[in-house]
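Asks: coords below, sequence missing:
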């Protein structure tokens, strides 16, 4: 019903199937008022619309029409329709004249594609007591709705709305409970006041607390979010759907939506975007115009600007530079920048969701980039790496560093206990902003050489990398650090090592591939794959390592674009033999075993277990419950997603292993 | 011929008059090939086009047509046309078959609106010797062209191109020499290789070195700049015109221009903007399309995206947040961010050009914002301010700070020589990021309370403000600094002042307006205006100071939006009496004297002299050469611009002073 196509941080592009067609997420659902549809929203990229079932129900004429002809005919939209249940009206007007079951029945009757139960929207900043009480009712109604749906063979998809006010623990608890019920989609409700009042930091806490406890296999809808300014941030946190009446409400108020903020017509000297309206009219033209015509045009601009941003977001997810876009968009308002900075508190969670490598280079856009998951992930691996006795740190030359080390290296300052130089027992690393330290052997792994930063360094990045280096001093007996770095970072070191001139860099291929093996598959994987007698074949054109053999049998290929190994059969076997279950493994059930052995890809529903270290795009081993090696391939999802989904592919199998 | 409408940093919106109409700058001039005009560029916002006169000249058929019917008919464009002279062809192919005078004659003959002399484009990174030799010829031909124009009553406007390769001193020298010749427009040439190779930092040096030596009264054209990604940065440096064949060349290569960079069709999953093409077609549609049709559509997108960005830039200049846009756009590529950071080396120059106040709040977008001219300007005034003996620094509460100081202030740490608290002789300042320190009396002056930053502070801003505070410690005997700040900045202070509890804030109105007077008009201006017996009238609604009288005579009004004083007659007289010539003064000639006394606004051509401290939007005194006070009003330009322009308004006179 919902499948993921591409991923970046918690953002994903996906496909959501409904009775009235399949839609591509993320997307915006324009709100249609059941009584009046002044704009042909389908013209502007709308794939799915949202309207309010309770407003239809309350109005005798609309109710009858909807029952007889269906909601699609009523609002003149033949694509998928989601309906609200009246919770909003409940929150504004108090009691409403319908029960939970009645509104479910009604939504099914009018043939809505995605219906909603009657939750209690709880405003931000209420007391915990009020939030908890409301939550009890919301959960009760959610359960009632889902039970009712299952018992009565209701066809429509069902929303269960996450509430909990501004208490992250309540939001998480609510999400947990709703997950157990197994709804089809999960809106996050009662957030509009946060967005209207620029409380974006609180929005981050509410969304992350909710989404981190919701299943990955169902779409999440950020209710009432309709301003293109926040789409990118919301998608990066895992939101798939937006809805808004903003396009028309703002138009009625002469206000233009843009990713840079909101513009009132009275303050416009020039039209704000490249759409048809902005091209064909000037602000003066609109000011002189008759109100109805003007509202239509501004609404058209608002929809086009919103859908253009949705397209940009889909593009950057597919490319792998969603966070670059988020960091850019968050400059539109200091409170958004605040939220972007605040998001760094969730880096550990986001790191699990980010694919292992991406199509695009990592661009540093400012100090916020220091919190990117690629940096976090690298530093974790660095810290857990096997370490030699001493450390030598070289300055950054041109990338890839390993190819561009000059002959004359200059002086090295001593940190720690000064002793004789021992190159054999020294880890060799390159100082890098923003990645801190890059071991020379793994410097071509994505994104360690596939990244760009400004040459003029900001003090945040200098402080950040200085902290890393000072921490690493403590892991080694002696650290030699090149004088260029000592100057750049203003380190307080005084002694130059007398054997500075003897430092030379000799990258041994076998050491290199073992280091990459370790970094990619885990400690000891490098030895598991590449110990003993091996033959390395390099590209004649680039000199890069291409294939690694043992006794003419292919162990693995190194992929040029990102430096990672792609296993061959012998490599898979070696890894399987030496790495302890369930490391590097995805475990599939009996039913799928024969297909895997034939080399067919694996659907999520066949997966029983998955190593928690697995990230999307990782090379993995496919085994059965007895840990017999069935095949190997690329995981398309992380371990949480793999376990959550019952539809769609989990593994792109490269080769199956026939029983010999 | 060229007048400025609004300004922000060195950016300006303007009007350029030509024989075929007036155009609004900044703008993009799409390049039209004389032989083929496949796109109707006027449809997309083109006000002025550019084509190559040499290519017309070389081709017998085109030449004849152009001579007989004029260039406008030849390329089917009835708006203003600029023509290149063949310099580009010269740089690519070596010698060309035409002389400087011949190409000038030809351009006039075919009725071009803006023609170009035959300069020598000198590539970046050549030796200084080559650059100097080329420059000699370029200057010789520029002089020859201008002399020729003047002697032969040539009607077309004339470009003189600034060359000098990548030697800032040569660029400046060239600009100086060309300025003496008095051309109508000044293109900056031979920069395309810099832009094509992402050498944006070098581009900043070349542009700033040129523009800072060119007259403000003539437009500057960044030759070959056609990528919307750099428009904002280039405009902020003072460029008014762009030209490019990129829209069509990129289209022929299946490449899309966007402010976020360039996209190849093969890498597009989604269309990149909100224009008609992007709305009506998918990347797949275009990939399947016939090449000619596809090129037309991509070129249409490219033009629309480019002109949309031009409109955005005009909008933000009028609003006063050009640098927020620059800082945002520069995130599109790390080398652009580098250039943006590098621009801070020119802050002193940019500060002269930035208006005193703007319509929009100052938004902090990242550490680059610490280099904004508003910050530089404030810190300069702060340092030069009269100082009392001691300093007390309070933490930032809500803005405006003076309205929101709590009763309980907490502890204050001592820095300097500890002595008894002496509130009368203590300057009271608020610690602020990014403005460092804000004296309590002037905290409502733009942008000191009209600014927003994220709550989560980056270490760049903490380091920046810590440095300011540590410098200010040295100007006072004793500094008391609130404990909250000591914690936030990690200051190394140990002693809490025993009289911390006695610190209380009492803002005296007369002291306040004197401080504002000093900050606004210069040292001692406050006393000049407000010494002695004065009556202050406040707004009943907001409690803010509104009018200041002396013996019922109005001295000045305080403007609510930005806190600055607007002089009344008595204020002007007092200021005039006490501030020494030429401070706060713009000096006008005899011809305009009677008009000023009648309260009429002043045109630039009547200005003889101008205080170098005057910035656009400053309240100023209008005097004659004998320093007689003729009137007072608002300067629309800074002193350099006022002296450079011979057209357009310099001063919006508020009142004239009749001779009594």
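Replies: Yep, that arrived. For clarity, every value in this text was computed on a predicted model and none was experimentally measured.

Asks: so who does the closest residue to chain B within the stretch 101-250 of chain A touch?
Replies: Closest to chain B within the stretch 101-250 of chain A is residue A:201: 7.3 Å, counting by CB to the nearest CB. The way it works is simple: take the backbone N, C-alpha and C, and place the C-beta from them, glycine included. Residue A:201 makes contacts with A:335, A:338, A:339, A:342, B:455, as judged by CB atoms under 8 Å, 6 or more residues apart in numbering or on different chains.

Asks: which one of those residues is nearest residue B:651?
Replies: residue A:335 (39.2 Å; CB to CB).

Asks: mind checking which helix or strand the closest one is in?
Replies: Assigned by DSSP states H and E, residue A:335 falls within helix A:334-342.

Asks: so which residues of the stretch 351-500 of chain A form strands?
Replies: A:362-363, A:390-394, A:412-416, A:426-432, A:436-439, A:451-452, A:478-482 (DSSP state E, counting those that start in this stretch).

Asks: let's have the ones you listed in TSV, adding mean pLDDT and distance to residue B:98.
Replies: Output for those, formatted as TSV (pLDDT from 0 to 100; distance: least, CB to CB, whole Å):
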stretch	mean pLDDT	distance to residue B:98
strand A:362-363	97	45
strand A:390-394	96	56
strand A:412-416	94	62
strand A:426-432	96	53
strand A:436-439	96	56
strand A:451-452	96	44
strand A:478-482	96	57
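
Asks: nearest to chain B, of these?
Replies: Chain B sits nearest to strand A:451-452 of all the strands of the stretch 351-500 of chain A, at 4.2 Å, using CB to the nearest CB.

Asks: contacts only, for residue A:371.
Replies: Applying CB under 8 Å, 6+ apart, the residues contacting residue A:371 are A:341, A:343, A:344, A:347.

Asks: now with 10 Å?
Replies: If you count contacts by CB atoms under 10 Å, 6 or more residues apart in numbering or on different chains, residue A:371 has them with A:323, A:327, A:340, A:341, A:343, A:344, A:345, A:346, A:347, A:350, A:434, A:464.

Asks: ok, how many other residues are close to residue A:474?
Replies: 9 (other CB atoms under 10 Å in any protein chain shown).

Asks: hang on, it packs against residue A:416?
Replies: Yes: assessed by CB atoms under 10 Å, residue A:474 is found in contact with residue A:416 at 8.5 Å.

Asks: quick one on the thing from earlier: what's the helix holding residue A:335 packed up against?
Replies: helix A:200-211, helix A:228-236, helix A:322-329, strand B:362-363, strand B:451-452 (3 or more CB pairs under 10 Å, 6 or more residues apart in numbering or on different chains; DSSP states H and E).

Asks: correct me, but residue A:362 touches residue A:377?
Replies: No: Residue A:362 is beyond contact range of residue A:377, at 11.5 Å (criterion: CB under 10 Å).

Asks: and for those two, which residues touch both?
Replies: residue A:447.

Asks: these two: which is more packed in?
Replies: A direct count of neighbours by other CB under 10 Å for residue A:362 and residue A:377 places residue A:362 higher, at 24 against 19.

Asks: list the contacts for the closest residue to chain B within the stretch 551-660 of chain A?
Replies: Of all residues in the stretch 551-660 of chain A, the one sitting closest to chain B is residue A:561 (13.8 Å; CB to the nearest CB). The neighbours of residue A:561, taking CB under 10 Å, 6+ apart as the test, are A:357, A:359, A:446, A:450.

Asks: give me the pLDDT value at it.
Replies: Per-residue confidence for residue A:561 comes out at a pLDDT of 93.

Asks: and the gap between it and residue A:477?
Replies: Using CB to CB, to the nearest Å, one gets 38 Å for the distance from residue A:561 to residue A:477.

Asks: same thing with residue A:571?
Replies: Residue A:571 is 35 Å from residue A:477, by CB to CB.

Asks: next one: residue A:13
Replies: Distance, residue A:13 to residue A:477, by CB to CB: 49 Å.

Asks: thinking residue A:356 is in contact with residue A:520, fair?
Replies: Yes: contact criterion CB under 10 Å: residue A:356 and residue A:520 qualify, at 8.5 Å.

Asks: contacting residues for residue A:536?
Replies: A:509, A:510, A:512, A:513, A:530, A:545, A:546, A:547, A:548, A:549, A:558.

Asks: residues near the residue lying closest to residue A:458 once chain neighbours are set aside, how many?
Replies: Excluding its sequence neighbours, the residue lying closest to residue A:458 (CB to CB, 6 or more residues apart in numbering or on different chains) is residue B:367, at 4.8 Å. For residue B:367, the tally of surrounding residues (other CB under 10 Å) stands at 22.

Asks: what's the lowest-mean-pLDDT helix or strand in chain A in contact with?
Replies: None of the helices or strands of chain A scores lower by mean pLDDT, DSSP states H and E than helix A:87-93, at a mean of 77. Contact with helix A:87-93 is made by A:52, A:54-55, A:58, A:86, A:95-98, A:103, A:116-123, A:134, A:138, A:141, A:161, A:163, A:187, A:189-190, A:192, A:223-224, as judged by CB under 10 Å, 6+ apart.

Asks: can you flag the buried ones in these?
Replies: Using 16 or more other CB atoms under 10 Å in any protein chain shown as the burial test, those include A:52, A:54-55, A:58, A:86, A:96, A:98, A:103, A:116-122, A:134, A:138, A:141, A:161, A:163, A:187, A:189-190, A:192, A:223-224 as buried.
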